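S.K.: predicted model follows, preceded by the sequence.
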Amino acid sequence: MGVYRDFVLPRLIDRLCGSRGMLRWRKRATEGLVGQVVEIGFGSGLNLPFLPPEVTGVFAVEPSATAKRLALKREVGTDVKVIHVGLHGESIPLEDESCDSALCTFTLCTVADPAKALREIHRVLRPGASLHFLEHGIAPDPSVARWQHRLDPLERRLADGCRLTRDPQALVRDAGFVIESITQRYARGPRPWCYFTLGRATRN
């Protein structure tokens, strides 16, 4: 799985998560970000073209060396300064209350300990700062949810730990954030993979 995970999968994710339909979701997720943004699951920098002018810099947290290489072309095409600061969302090497906004897209499904990663985001955000998140997760329809549970072991193996059955809204709320806005619906594509949650939450 080493070659597949380290070299093939990041390129597949870049292609699949960079489709035209997915980019429209990313544009919505980045609206309202300001100042210094910490982004866990930075990946190949697919969110960079949509950052509003109020963003002054990005602290990128990303474990994949291949994804970071793919991000270089997007980094040179933006005026936003990107600083790679860590590998894992569960341990962000930034000072307490040092960031103005946070962003995670299609990341809480894969990190080993999403609760710990969200507590780290909460720690590095200033009081009143916002977390913007776009995630896929468990569907409300029992028939779809059953398929998600059936497919979860295969998904974890093929997508480097990605889970279909996590509830991103509950994870964010349980980490101490106050949910300010939420949109949940199916995107285009196979339903077990396409129940999306787009949200914004405040660090109290």
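M.R.: Cool, got the structure. Numbering: from 1, shown residues only.

S.K.: list the contacts for Cys104?
M.R.: Glu39, Ile40, Gly41, Gly89, Ala117, Ile121, Leu131, His132, Phe133, Leu134, Glu135 (C-beta atoms under 8 Å, 6 or more residues apart in numbering). Glycine gets a C-beta too; all of them are placed from N, C-alpha and C.

S.K.: and the first one, bridged to which residues?
M.R.: Legend: beta-bridge partners of Glu39 under DSSP bridges are Ala60, Leu103.

S.K.: can I assume it is in contact with Ala60?
M.R.: Yes. At 5.6 Å, Glu39 counts as touching Ala60 under the criterion of C-beta atoms under 8 Å.

S.K.: more neighbours: those two, which one.
M.R.: Taking other C-beta atoms under 10 Å, Glu39 and Ala60 do not tie; Glu39 has more neighbours (29 against 24).

S.K.: do a quick rundown of the strands in this protein.
M.R.: With DSSP state E as the criterion, the chain has strands at 35-40, 55-61, 81-86, 99-105, 125-136, 177-186, 195-203.

S.K.: so which of these gets nearest Tyr4?
M.R.: For the strands of the chain, the distance to Tyr4 is smallest for strand 125-136, at 21.1 Å, taking C-beta to C-beta.

S.K.: counting neighbours, what do you get for Gly2?
M.R.: So Gly2, with other C-beta under 10 Å, has 6 neighbours.

S.K.: if we can go back for a sec, what subset of the contacts of Cys104 is buried?
M.R.: Glu39, Ile40, Gly41, Gly89, Ala117, Ile121, Leu131, His132, Phe133, Leu134, Glu135 (16 or more other C-beta atoms under 10 Å).

S.K.: list the buried residues of the helix ranked longest in the chain.
M.R.: If you go by DSSP state H, the chain has its longest helix at helix 142-158. Within helix 142-158, the residues that count as buried by 16+ other C-beta under 10 Å are Val144, Ala145, Trp147, Gln148, Leu151, Asp152, Glu155.

S.K.: kindly reformat those residues as CSV containing distance to Ala175.
M.R.: Shown next, in CSV, are the buried residues of helix 142-158 (distance: C-beta to C-beta, whole Å):
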residue, distance to Ala175
Val144, 26
Ala145, 23
Trp147, 28
Gln148, 22
Leu151, 26
Asp152, 22
Glu155, 23
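
S.K.: which single one of those residues is nearest to Asn47?
M.R.: Nearest member of the buried residues of helix 142-158 to Asn47, counting by C-beta to C-beta, is Glu155, at 22.8 Å.

S.K.: quick check, central residue of this protein?
M.R.: The structure's the chain has its C-alpha centroid closest to Thr105; by C-alpha atoms, centre = their mean the separation is 2.3 Å.

S.K.: from Leu108, how far out is the closest residue to that one other than its chain neighbours?
M.R.: Nearest residue to Thr105 in three dimensions, chain neighbours excluded: Leu134, at 4.3 Å (C-beta to C-beta, 6 or more residues apart in numbering). As for Leu134, its distance to Leu108 is 10 Å (criterion: C-beta to C-beta, to the nearest Å).

S.K.: with Val38 instead?
M.R.: Val38 sits 14 Å away from Leu108, going by C-beta to C-beta.
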